[in-house]
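Student: Sequence and predicted structure, then a few things I'm wondering about:
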Amino acid sequence: MLRGRLRRSVVIAADSAYHAASWCPRGRGDLNEESLTYWLGRKRLPSMSDRSESELPNEAETHHVETVEQQSQQVPEPAVSIEPVLVLSGQTPPSRPSRARSPYGPPHSALHGPSPRAAAPAQTESPSVAGVGFPTDELCSRALIHILMADYLDLVYPLVPVVHRPSFRHDLATNRDITDPDFFAVLMSLAALTVGLLPSRFRDYRAVDPEAAMRFENRTAMINCCAEICTRQRTANYWDHINHRKWAVCYVLSVACFQTGQVNRSRMFDVEYLQVSRLLGLHRISEYEGLNCIETQLRKKAFWMLFYGYAHTRVQAGRWERLTYFGPGELREVNYDALMPLDIDDEHIFRDRILDPVSPMASHGTPSAHAQEPRAMFTLTSGFIIHSRVFHKGLQEAIATLGCECELRRTPAARLARMRDLLQEMRYMLDDVPGPMRQWASNDRGTDAAPSTPRFDDERATAAASSYGSPADYSRVPEAGSYSQVLQGQAEIMRANIHVTHLWLQSLLLEQVDGVTQESAIANPSTTGREEVSTALKANWAEREDICRQMLHLLHSIPYVHLEPNGLYLAYKVRDVAVTLLNCPFEAHERPARRAVEYMRDFTRALSRLDRSEIVNTNSLKSWIDIDREPAI
């Protein structure tokens, strides 16, 4: 009997070795003793398909399951069905070294695999059974996925906060993309976004995964692959169930395609996320009832990112062919204060409560936006709120006049006075912003000036945030100083975005002032009237020159690594400010005209670094062809 049992064990082991060798995931190499141990000792991964993105598993329950599995002494018989498995830390084969690193981290950190801010190292290499590996393997290796997600969280998230960071880190660490198609689509879209916004990192990404480097010679190819993978996941009933994640995928892919000059494809993704926004009711605070705390804050941020796009369509030249979200009069019906997100970082926000960052033990439900008391602490959300208020102030003229017939009956003098008042309000609206966000802030500030994302430097703060993949993990490693450097970098990225937007909106408003001034000259064609208009335009030029000087100061004072994540949107804002110098009302030999020439040269040099689109960007032109029309002779 003993001899028969031994014979059956040998047959099972041989059969398992055959399956392991046949289905070994990419990047693991030939089957060796360590790989054999891994395949014979695999553990099943619990399905998370029934959990929402913002729901975290019970930590005690997870620990109990892992303990029971580790105590099991029987070798499981190889399963025939294709199911995901979890590799325990003691069984994980060595991961291949990564040659890419965060611009903030020390060089040697890249040799230890993905950033701990992206996922727990013990859970980053668990393939699915039958060797098909991860769903993301269709794009690139898992090591590169983790590097892309770490760069997203470090460099891009402050500008595009479409995820709840603790939940996202946890889902990435537990390989949720294996069982959740929506999370898989989020990963693919964020990979496209990161590649699109960080062109200087693309060479490093290709060095990490030589196989992907052979397939993707440029960023456009990789972004297109991500977009095709996402759209291929859509079944016939894909749109029957909608959520914030599906909105985020469409929005992020629109931004990613825009970064490389694919304007027409970006425009089509615009249509998708605008429609999903309507179905979710992002602009109606009444539609937020029944949402948990995490989902509420995510959707409020989604509304403001939607508002940014609408603002570009309203005030930027050459974008009127795009569909807009708001109908006539709807802008005046939105409760903007209620839709502003709470000035609290994700680590303090849970599904059923929001912790007070000052007193972590005190929790409460979603508080009213009006109930917040001003705090000295600065968070990443603080920068997002400031940027949203700048956009809202810049669109006050459109909000007041769009769909209002009474505007046509106002005299040019009345319109000019209102615009002048708005321009004065905009000019000084950022005087009271926190130190890290001020226009003249120095980039060598101390750590206390950086955003106050929880660090877990001591046990007193452990109740203030999720324990899943928090920044605490990074603060405990030897290179802990680089974490505060990441926070300072994020503050610089947001500072660039806020002040470039602020100056850009002032410049556009000044253009409207000049337009109304010239209208009065047309209405009064006398010589005296023309002289008055010329004098007014020259007086406005001093303000325009001041805006250009401030913009150039920003571009020279903020390092490129902090300007780059702002993408082509920043480049277009800078270009819109620069082209106004071409309308100089002074003669070529006069000092203001000579200064304008020097400013233009400086702007040209800056734009040559900022505009990294791989295709000639035709955003302000008619870039599509109606092939049904007869060609002109």
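Tutor: Everything's here; your move. Residues are numbered from 1 along each chain as shown.
Student: for residue 354, phi and psi?
Tutor: Per-residue torsions, residue 354: phi -130, psi 120 (degrees, to the nearest 10).
Student: ok, how many other residues are close to the nearest residue to it once chain neighbours are set aside?
Tutor: Closest residue to residue 354 apart from its sequence neighbours, by CB to CB, 6 or more residues apart in numbering: residue 293 at 5.4 Å. For glycine as for every other residue, the C-beta is placed from the backbone atoms N, C-alpha and C. For residue 293, the tally of surrounding residues (other CB atoms under 10 Å) stands at 22.
Student: Tell me the spacing between residue 293 and residue 570.
Tutor: The gap separating residue 293 from residue 570 is 32 Å, by CB to CB, to the nearest Å.
Student: again with residue 580
Tutor: Residue 580 sits 17 Å away from residue 570, going by CB to CB.
Student: now residue 172
Tutor: Residue 172 sits 28 Å away from residue 570, going by CB to CB.
Student: Hmm, the residue nearest to residue 354 is touching residue 348, no?
Tutor: No. Using CB atoms under 8 Å, residue 293 is not in contact with residue 348; the gap is 9.9 Å.
Student: Spell out the residue ranges of the strands in this structure.
Tutor: Counting by DSSP state E, the chain has strands at residues 43-44, 85-86, 354-355, 363-364.
Student: hang on, the earlier thing: residue 172 and residue 570: which has the busier surroundings?
Tutor: The neighbour comparison of residue 172 against residue 570 (other CB under 10 Å) goes to residue 172, with 27 against 22.
Student: pLDDT weak spots in the stretch 51-200 of the chain?
Tutor: Under the criterion pLDDT under 70, the flagged ranges of the stretch 51-200 of the chain are 51-132.
Student: next one: the chain
Tutor: 1-132, 317-322, 358-376, 403-405, 407-408, 441-482, 521-529, 617-620, 632-633.
Student: how is it carved up into domains?
Tutor: Listed by automatic domain parsing, the domain ranges of the chain are 2-91, 374-554.
Student: My guess is residue 393 contacts residue 424. True?
Tutor: No. If you go by CB under 8 Å, residue 393 and residue 424 don't touch, sitting 11.5 Å apart.
Student: Pick out whichever of those two has more residues nearby.
Tutor: Each of residue 393 and residue 424 has its neighbours counted (other CB under 10 Å); residue 393 has more, 17 against 10.
Student: dump the residue contacts of that one.
Tutor: Contact analysis of residue 393 by CB atoms under 8 Å, 6 or more residues apart in numbering lists 422, 425-426, 429, 505.
Student: Highest neighbour count among the residues you listed?
Tutor: With neighbours taken as other CB under 10 Å, the top of the contacts of residue 393 is residue 505, carrying 22 neighbours.
Student: Apart from its chain neighbours, what residue comes closest to residue 534?
Tutor: Once flanking residues are discounted, residue 534 sits nearest to residue 585: 6.6 Å by CB to CB, 6+ apart.
Student: residues near that neighbour, how many?
Tutor: Around residue 585 there are 18 residues (other CB under 10 Å).
Student: State the distance from it to residue 541.
Tutor: Distance from residue 585 to residue 541, counting by CB to CB: 6 Å.
Student: For the helix ranked longest in the chain, name the packing helices and strands.
Tutor: Determined from DSSP state H, the single longest helix within the chain is helix 481-523. With contacts taken as 3 or more CB pairs under 8 Å, 6 or more residues apart in numbering; DSSP states H and E, helix 481-523 sits against helix 380-394, helix 412-427, helix 471-475, helix 527-557, helix 560-563, helix 567-579.
Student: Export those as a markdown table, with columns for distance to residue 303.
Tutor: Below are the helices and strands packed on helix 481-523 laid out as a markdown table (distance: least, CB to CB, whole Å):
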| stretch | distance to residue 303 |
| --- | --- |
| helix 380-394 | 9 |
| helix 412-427 | 22 |
| helix 471-475 | 27 |
| helix 527-557 | 27 |
| helix 560-563 | 26 |
| helix 567-579 | 18 |
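Student: Among those, single out whichever gets nearest to residue 210.
Tutor: Among these, helix 560-563 comes nearest to residue 210, with 25.4 Å by CB to CB.
Student: Just give me the neighbour total for the closest residue to residue 297 other than its chain neighbours.
Tutor: Nearest residue to residue 297, sequence neighbours excluded (CB to CB, 6+ apart): residue 341, at 5.2 Å. Applying other CB under 10 Å, we find 21 residues neighbouring residue 341.
Student: looking at it, residue 341 is touching residue 295, isn't it?
Tutor: No. Applying CB under 8 Å, one finds residue 341 not in contact with residue 295, separated by 11.9 Å.
Student: any idea how far residue 256 lies from residue 156?
Tutor: Relative to residue 156, residue 256 is positioned 10 Å away (CB to CB).
Student: And for residue 514?
Tutor: Counting by CB to CB, the gap from residue 514 to residue 156 is 36 Å.
Student: which one of these two has more residues nearby?
Tutor: The neighbour count for residue 514 versus residue 156, taken as other CB under 10 Å, is higher for residue 156 (26 against 18).
Student: thinking the more buried one is in contact with residue 565, fair?
Tutor: Yes. Between residue 156 and residue 565 there is a contact under CB under 8 Å: 5.4 Å.
Student: list the residues that contact both of these two?
Tutor: Any residue near both residue 156 and residue 565 by CB under 8 Å, 6+ apart counts here, and that gives 197-198.
Student: so how many other residues sit close to residue 420?
Tutor: With other CB under 10 Å as criterion, residue 420 counts 14.
Student: whoops, residue 314 was the one
Tutor: By the criterion of other CB under 10 Å, residue 314 has 19 neighbours.
Student: Having no further points to raise, I will conclude here.
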